[in-house]
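# Here is the input, now give the coordinates:
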Amino acid sequence: WYLLIILIIKMVRIMEYLKFPKKCYYLTQGFGYNSYSHQNRKALDVSQRGGYKEIYAPFSGYIANIYLKKGQPYTIWLVSNEKVMCANGELKYVVFMMTHPNKISNYKIKQSFSQDDYLFDDGTTGNVAAHLDFEIAVYDDKNKIDPSWHYEKGGNGLNNSVNPCDYILLSDD
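Below you'll find the predicted structure:
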């Protein structure tokens, strides 16, 4: 019994929750098919209003893709190493696509990071006011993960995206 209890304690500690990537946020554009810049996309925009500009890793994982084109919004795709616990109670692999960060050119594909690591600040690439634009996709099978995007009216959207509000947890911190 003692070994079983130790194993359960270790499993609980190892399992990560899908965290919101900011300590505090001001929502500037919500999820949905709206008439603003995210037409036909399942994205959220959060600004640095209030002084919270830092973006943190929402889980432990690796960088799967990076888009750096001058004059365009820079984009980075993070993929979880393991399944993470989502707000709806499901365990899923997660792709987290973040758009507009300024300082991602120093990152490399397959580079690892740990949950809560500081990644970068809100950005202005693509000629916008400083903020973070993000979408998430979830997968049951690690072999089916697709860290890429497709064009939809209103911009590029993450493949297999879901409503982030159903999956991301906000921390009490």
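# Return the set of residues that bridge with the residue sitting nearest the centre point of the chain.
Centroid-nearest residue in the chain: F96, 3.1 Å away (criterion: Cα atoms, centre = their mean). Taking DSSP bridges as the rule, F96 bridges to L78, I136.
# who's in contact with it?
P21, P58, F59, W77, L78, V79, F134, E135, I136 (Cβ atoms under 8 Å, 6 or more residues apart in numbering). Using the backbone N, CA and C atoms, a C-beta is placed for each residue, glycine as well.
# Tally up the residues packed near the last one, please.
Right, I136. Neighbour count of I136, defined by other Cβ atoms under 10 Å: 26.
# Also the second one?
By other Cβ under 10 Å, 27 other residues sit near P58.
# mind starting the numbering at 668 from now?
Renumbered: residue one is now 668, and that last one reads P725.
# which ones are touching it?
Counted by Cβ under 8 Å, 6+ apart, P725 has contacts L685, K686, F687, P688, L745, V761, F763, Q782, I835.
# could those be laid out in CSV, adding pLDDT?
As requested, the contacts of P725 are arranged in CSV below (pLDDT from 0 to 100):
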residue, pLDDT
L685, 86
K686, 87
F687, 77
P688, 80
L745, 94
V761, 95
F763, 90
Q782, 95
I835, 81
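# buried subset of these?
L685, K686, F687, P688, L745, V761, F763, Q782, I835 (16 or more other Cβ atoms under 10 Å).
# Surely the fourth one touches K720?
No - with contact defined as Cβ atoms under 8 Å, P688 and K720 do not form a contacting pair (11.6 Å).
# circling back: which of the buried ones among the contacts of P725 sits closest to G824?
F763 (13.9 Å; Cβ to Cβ).
# D813 versus the closest one, what's the distance?
Using Cβ to Cβ, to the nearest Å, F763 is found at 13 Å from D813.
# what do you get for D783?
Distance from D783 to D813, by Cβ to Cβ: 26 Å.
# Confirm I722 sits in a helix?
No - using DSSP: H, G, I helix; E, B strand; the rest coil, the secondary structure at I722 is strand, not a helix.
# ok, it touching K689?
Yes - counting by Cβ under 8 Å, I722 does reach K689; the two are 6.3 Å apart.
# Spit out the residues that contact the two alike.
L799.
# quick one on the thing from earlier: which members of the contacts of P725 occur in strands, if any?
Those of these mapping onto strands are L745, V761, F763, per DSSP state E.
# The first one against I771, yeah?
No - L745 lies out of contact with I771 (Cβ under 8 Å); the separation is 10.9 Å.
# for stretch 773-787, which positions count as buried?
Y774, F780, Q782, D783, L786, F787.
# nearest to Y818, of those residues?
Y774 (23.9 Å).
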